[in-house]
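**Student:** The sequence and its predicted three-dimensional model are supplied below.
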Amino acid sequence: MLDCVVVGAGFAGLTAAKELIERGYDVALVEARDRVGGRVMSATLSGGEVIDLGGQWIAPSHDRMLELVKDAGLELIPANPGMLTLVQHGEIRNVAQSDSDDDARTPFAVADLGQGLMRLRRLADRAGQDDVWAEANAAWLDQSIDRWIVSNLRTPTGRRDIRAAMKAVFESALDKISLRQALDKVREGIDMENLIAANGDIGQARVRGGLAQLPERMAAEIGDRLRYRFVVDSIEQDDDHVIVRPTLGEPLEARTVILALPPWLAIRLRATPPLAGWREDAVRKVGAGNVIKCYLVYDRPWWRDKGLSGQMSADEGAVRVTFDCTDSPEGRGVLMGFFEGAEASMLAKFSKSMRERVFKDTLVDVFGPRAAHPLEYTDIDWAAEEFTRGSHGAHFAPGVWSVTGAELGVPCGRIYFAGAEYANKFNGYMEGAVRSAHETVQSVILRVNETAA
Ligand SMILES: Cc1cc2nc3c(=O)[nH]c(=O)nc-3n(C[C@H](O)[C@H](O)[C@H](O)COP(=O)(O)OP(=O)(O)OC[C@H]3O[C@@H](n4cnc5c(N)ncnc54)[C@H](O)[C@@H]3O)c2cc1C
């Protein structure tokens with residue numbers, strides 16, 4: 001009997017399997033796809049440039065990821081310096097990035113801040129227009145604005161900036177101000193974006209040659225203990241062991257199993273006995289997110305001529321964030337963007353050429369007419385991927401994380417959980433996936449040793 005079956009060869013599953021094998025445990029790592037990496041996937045463009053279709057940026061605080069990059073001897077490419085382009089209320093401004101580390105605003109923080117401001121404005125509109133909804137959510141609207149910020153923004157810089165703007169309005173401790181009051185102010189017309197200073201520094205980097213090199217290297221170390229096209233369908237457990245059944249082929253028997261899958265996929269597996277009802281309830285509230293990552297390629301990175309970084313953050317539109325992913329200043333210019341949430345759901349129904357047009361039109365509006373002549377377009381709809389079905393990751397509604405979110409990682413008998421959505425720190429990021437796997441492995445080892453004794 002195996003000590004552990006690890007299900008899913010994304011960063012979490014690869015980390016868990018590797019750590020268990022290194023400590024001498026008997027492990028099988030099973031993966032539904034015919035590749036490793038999960039939400040990390042690289043592709044090669046017609047000009048030979050390698051792009052990342054999934055996870056890409058590694059922040060300076062992502063210690064485990066940086067260690068993996070260093071051990072693999074891979075090179076990091078910092079995000080392109082230059083002016084940030086902000087689109088607010090239809091007005092386009094190019095602002096300098098500060099070179100102060102204290103004032104760092106990373107690509108994550110820009111995206112985080114953008115979506116935080118957007119949510120706040122939508123919420124303000126709803127609370128103002130829908131009395132029935134406001135009445136039904138009276139208790140929730142009475143939480144402090146500070147609590148809302150913590151639940152809805154992920155990055156320290158994003159939270160800092162939105163707090164700074166709120167403080168400028170209220171001149172009072174934000175834990176004393178209700179969300180309802182803050183929404184009233186937003187509706188009264190305070191200009192949050194203008195209150196937020198726009199001088200950030202970019203600390204994030206991506207891997208030259210594509211991030212998928214990392215999971216591929218980890219897979220090579222795991223060797224033939226990794227099985228591809230092993231689609232887990234059901235899990236049965238009793239007091240002594242677990243049986244992991246694929247849709248096709250022979251089942252595996254082990255002392256423990258780690259489900260290194262996004263929670264919304266983990267609850268779809270048939271489990272005997274069934275997983276607890278609260279877990280399913282919490283996962284449904286968490287949601288899976290929805291993103292289409294898209295790229296346009298130009299003959300050269302012409303926006304750099306104007307001193308632009310290619311990094312854009314907008315408060316409206318189909319694409320609200322863009323980044324420059326050009327490999328070399330002498331080579332072709334590559335701009336990346338995201339369709340997210342409702343925009344992603346809507347555009348997924350249209351053709352790829354329609355999405356290309358929408359992205360191109362956005363870039364023309366923001367960066368000028370030169371954007372109208374791309375050479376190549378590519379995109380990926382992560383919600384349509386059978387073994388992902390959503391992304392970037394979980395969006396915790398206010399209150400869900402504090403009530404049940406943190407408990408999602410609690411094992412269910414011999415079934416353990418790992419992955420980006422279970423992480424206490426860097427939740428939703430690759431760093432979170434690696435850290436969560438490391439923590440889960442400690443619990444699994446205790447259990448296996450106890451069973452073997
Ligand atoms: C477009 C996009 C951009 C992103 N950008 C960033 C970024 O810049 N920086 C960052 O840190 N993070 C980013 N992320 C998030 C990051 O990619 C994820 O948090 C991380 O890769 C998740 O790793 P994981 O191992 O937890 O899950 P996954 O990578 O989802 O791995 C789960 C694995 O389980 C497999 N699987 C699923 N079902 C089954 C089954 N039934 N049987 C067997 N195997 C199964 C899947 O095929 C997959 O390989 C991004 C994600 C997306 C989609």
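**Tutor:** Everything's here; your move. Residues are numbered from 1 along each chain as shown.
**Student:** only C-alpha atoms for contact and neighbour calcs from this point on.
**Tutor:** Will do.
**Student:** Wait, a helix at residue 163?
**Tutor:** Yes. Under DSSP: H, G, I helix; E, B strand; the rest coil, residue 163 sits within a helix.
**Student:** count of residues packed around it?
**Tutor:** By other C-alpha atoms under 10 Å, 19 other residues sit near residue 163.
**Student:** Please report how far the most centrally placed residue in the chain lies from the ligand.
**Tutor:** For the chain, the residue nearest the mean C-alpha position is residue 392 (3.5 Å; C-alpha atoms, centre = their mean). Plainly put, residue 392 is 4 Å away from the ligand if you go by C-alpha to the nearest ligand atom, to the nearest Å.
**Student:** dump the residue contacts of that residue.
**Tutor:** Residues near residue 392 by C-alpha atoms under 8 Å, 6 or more residues apart in numbering: 288, 289, 290, 291, 428.
**Student:** how about it, secondary structure?
**Tutor:** Under the three-state scheme (three-state DSSP), residue 392 adopts coil.
**Student:** where do the strands sit along the stretch 351-453 of the chain?
**Tutor:** Using DSSP state E, counting those that start in this stretch, the strands of the stretch 351-453 of the chain run over residues 376-381, 415-417.
**Student:** Highest mean neighbour count out of those strands?
**Tutor:** Here the criterion is mean neighbour count by mean count of other C-alpha atoms under 10 Å, and of the strands of the stretch 351-453 of the chain the winner is strand 415-417, at a mean of 23.
**Student:** So which helix or strand of this structure has the lowest pLDDT on average?
**Tutor:** helix 192-195 (a mean of 50; mean pLDDT, DSSP states H and E).
**Student:** what number of residues lie near residue 184?
**Tutor:** By other C-alpha under 10 Å, 15 other residues sit near residue 184.
**Student:** how far away is it from residue 128?
**Tutor:** Using C-alpha to C-alpha, to the nearest Å, we find residue 184 at a distance of 8 Å from residue 128.
**Student:** returning to what we had before: next structured bit after the least confident helix or strand of the chain?
**Tutor:** Downstream of helix 192-195, the next assigned helix or strand under DSSP states H and E is strand 205-207.
**Student:** where's the nearest residue to residue 82 once chain neighbours are set aside, which helix or strand?
**Tutor:** Spatial nearest neighbour of residue 82, excluding adjacent residues (C-alpha to C-alpha, 6 or more residues apart in numbering): residue 309 at 4.1 Å. Assignment of secondary structure by DSSP H and E places residue 309 within strand 308-314.
**Student:** How is the chain divided into domains?
**Tutor:** Following automatic domain parsing, the chain resolves into domains at 2-39+212-286+397-452, 42-62+74-82+203-208+289-384, 107-195.
**Student:** so where is the stretch 1-150 of the chain shaky, pLDDT-wise?
**Tutor:** Across the stretch 1-150 of the chain, residues meeting the criterion (pLDDT under 70) sit at 97-105.
**Student:** Pull the number of nearby residues for residue 69.
**Tutor:** Using other C-alpha under 10 Å, residue 69 has 19 other residues around it.
**Student:** Over to residue 142?
**Tutor:** A total of 13 residues lie near residue 142 under the criterion other C-alpha under 10 Å.
**Student:** Return the residues of the stretch 1-150 of the chain in contact with the ligand.
**Tutor:** 7-13, 30-33, 36-40, 53-58 (C-alpha under 6 Å from any ligand atom).
**Student:** Among the residues you listed, which ones are in strands?
**Tutor:** If you go by DSSP state E, these have 7, 30 in strands.
**Student:** buried subset of the residues of the stretch 1-150 of the chain next to the ligand?
**Tutor:** In terms of neighbour count (16 or more other C-alpha atoms under 10 Å), the buried residues within these are 7-13, 30-33, 36-40, 53-58.
**Student:** tell me the strands in the stretch 1-150 of the chain, going along the chain?
**Tutor:** Counting by DSSP E, counting those that start in this stretch, the segments of the stretch 1-150 of the chain that form strands are 2-7, 27-30, 42-44, 50-52, 76-78, 83-88, 91-95.
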